[in-house]
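Undergrad: The sequence and its predicted three-dimensional model are supplied below.
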Amino acid sequence: MEWKPLPVGIDDFEKIVTGDYFYVDKTLFIKELLDMKGEVNLFTRPRRFGKTLNMSMLRYFFEENPENVSRIFQGLNIMDTGEKYLDHMGKYPVIMISLKSMKQPSYELAFEMLKKP
């Protein structure tokens with residue numbers, strides 16, 4: 001088995017999957033989220049538990065995108081769940097906000113960090 005690098009510090013789902021990094025497939029989380037049918041979902045986990053990476057995965061799956069993003073999910077578990085779930089791919093506007101860069105010495109600097117993509 002070929003050694004794959006760990007994606008330390010990388011929180012972009014596409015970069016991890018296409019960059020041939022070691023990745024534990026958590027795409028069935030998308031199915032669970034759709035099955036729960038919650039109007040609002042709150043994701044709480046301790047620091048360094050992959051919240052931003054999971055949000056990135058959800059964004060790539062649900063976000064309206066003129067480019068076909070199904071290529072990113074090829075070979076991952078979500079692609080085996082059927083049309084009921086895959087029909088949701090690329091169908092919704094997505095707003096993703098991460099506050100991980102907000103720990104700054106001043107409000108002004110924290111606000112500037114929040115505005116960065």
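TA: Great, that's in hand.

Undergrad: All the strands of this protein, residue numbers only.
TA: Under the criterion DSSP state E, the chain carries no strands.

Undergrad: Pull the distance from the helix or strand of the chain with the lowest mean pLDDT to the chain's centre.
TA: Of all helical and strand segments in the chain, the minimum by mean pLDDT, DSSP states H and E falls on helix 107-115, at a mean of 86. On the basis of Cα atoms, centre = their mean, to the nearest Å, helix 107-115 is displaced by 23 Å from the centre of the chain it belongs to.

Undergrad: again, but for stretch 47-55
TA: Stretch 47-55 has its C-alpha centroid displaced from the chain centroid by 8 Å (Cα atoms, centre = their mean).

Undergrad: Between the two ends of it, what distance do you get?
TA: Stretch 47-55 stretches 14 Å from its first residue to its last (Cα to Cα, to the nearest Å).

Undergrad: who are the neighbours of the top helix by length along the chain, in terms of helices and strands?
TA: Longest helix in the chain by number of residues (criterion: DSSP state H): helix 51-62. Contacts defined by 3 or more Cβ pairs under 8 Å, 6 or more residues apart in numbering; DSSP states H and E place helix 51-62 against helix 13-18, helix 28-36, helix 70-73. Where you see a C-beta, it was placed from the backbone N, CA and C, and this is true even at glycine.

Undergrad: mind listing what's buried in the second one?
TA: Of the residues in helix 28-36, those buried by neighbour count under the rule 16 or more other Cβ atoms under 10 Å are Phe29, Ile30, Lys31, Leu33, Leu34.
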